[in-house]
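> I would like the atomic coordinates for the input below:
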Amino acid sequence: MTTIAFIGLGNMGNPMAANLVKAGHQVRGFDLVADNLTTAAANGVTISDSAAAAVDSAEIVVTMLPAGKHVLAVYGDIVAAAGKGTLFIDSSTIDVDSARKAHAIASEAGMLSIDAPVSGGVGGAEAGTLTFMAGGSKEAFAKGEPILQPMAGKVVHCGDAGAGQAAKICNNMILGISMIGVGEAFVLAEKLGLSHQALFDVASTSSGQCWSLTTYCPVPGPVPTSPANRDYKPGFAAALMLKDLKLAQEAAQSAGAVTPLGAEAAQLYALFDAMGHGGTDFSGIVKFLRGDVA
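Next comes the predicted model:
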């Protein structure tokens, strides 16, 4: 049994912490939202009065927070409360520069650290099938991998500090672009009198096949488990896709990479969000492409 502090018990953090409890670890949690603490307690997490209290004597610290500024602020508060050699795992999706700064804060305090953002959404968090993309030293990854496994379907060591975040934003740029492409194809098919099922049956077994089509099909019917069958109730909200696409564009500008499709995808999701649909599943972009939203 390992003592783990888990900071950030929202939609993703709570089921992740619950899976650590199920794996036999002692998990001490903290969040600023009272309802999140209530849910965590029901899942077997021991609630702490503060982030620093949760970290005190913990062997592992996991953070799942909204943005880089939050991660850096929390790291600034809690490193002093942690013992030397404590492993810090940040599973937030943040910009690469902030991830590297977080590594530096941990290193200067004598801590090991990995950035380990995830893919798989709330469903993956609940099922313990998330993909973790980890960046950090081999020593830190070796210590962290057994902790990640109860929450994971796959854990990949992507490289040194910040490499996990780099992999995450590249992956989600692919996802955002491909969902728009799949949505456009269904809209065109509708105009041409082709049924959703017919297009799905062809594209899902030929060169148009992709995850956005076969697992997360943006129209109702062909994939019964996709959000399109639940009025686009999010597994992964459009606002979160927009966040990741913006991070990808910031990274592209910083690195001097040309990503015209990524830029266009960011603009389309920004319009969708500005029209009040940020809380809709990101696959709902098909409604925007169809002209069904105002």
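
> helices or strands up against the helix or strand containing A102?
When secondary structure is defined using DSSP states H and E, the element that contains A102 is helix 96-108. Helix 96-108 makes packing contacts with helix 68-78, strand 87-90, strand 112-115, helix 163-191, helix 238-255 when contacts are defined by 3 or more Cβ pairs under 8 Å, 6 or more residues apart in numbering; DSSP states H and E. Every residue, glycine included, has its C-beta placed from N, CA and C.

> mind putting those in JSON lines, distance to G291, mean pLDDT and mean neighbour count included?
As requested, these are exported to JSON lines (distance: least, Cβ to Cβ, whole Å; pLDDT from 0 to 100; neighbours: other Cβ atoms under 10 Å):
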{"stretch": "helix 68-78", "distance to G291": "36", "mean pLDDT": "96", "mean neighbour count": "19"}
{"stretch": "strand 87-90", "distance to G291": "40", "mean pLDDT": "98", "mean neighbour count": "28"}
{"stretch": "strand 112-115", "distance to G291": "40", "mean pLDDT": "98", "mean neighbour count": "28"}
{"stretch": "helix 163-191", "distance to G291": "9", "mean pLDDT": "97", "mean neighbour count": "21"}
{"stretch": "helix 238-255", "distance to G291": "16", "mean pLDDT": "95", "mean neighbour count": "20"}
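
> From G159, how far off is P15?
Shown here: P15 relative to G159, a distance of 27 Å by Cβ to Cβ, to the nearest Å.

> Sorry, slip of the keys, the one I care about is G279.
With distances taken as Cβ to Cβ, G279 is found 34 Å from G159.

> swap in D35?
37 Å.

> now swap in V79 and tell me
V79 sits at a distance of 23 Å from G159 (criterion: Cβ to Cβ).

> Which residue of these two possesses the greater neighbour count?
Neighbour comparison, V79 and G159: the larger count goes to V79, with 22 against 15 (by other Cβ atoms under 10 Å).

> residues near the residue nearest to that one when sequence neighbours are not counted, how many?
What sits nearest to V79 in space, not counting adjacent residues and going by Cβ to Cβ, 6 or more residues apart in numbering, is A109, at 4.0 Å. A count of neighbours around A109, defined by other Cβ under 10 Å, yields 17.
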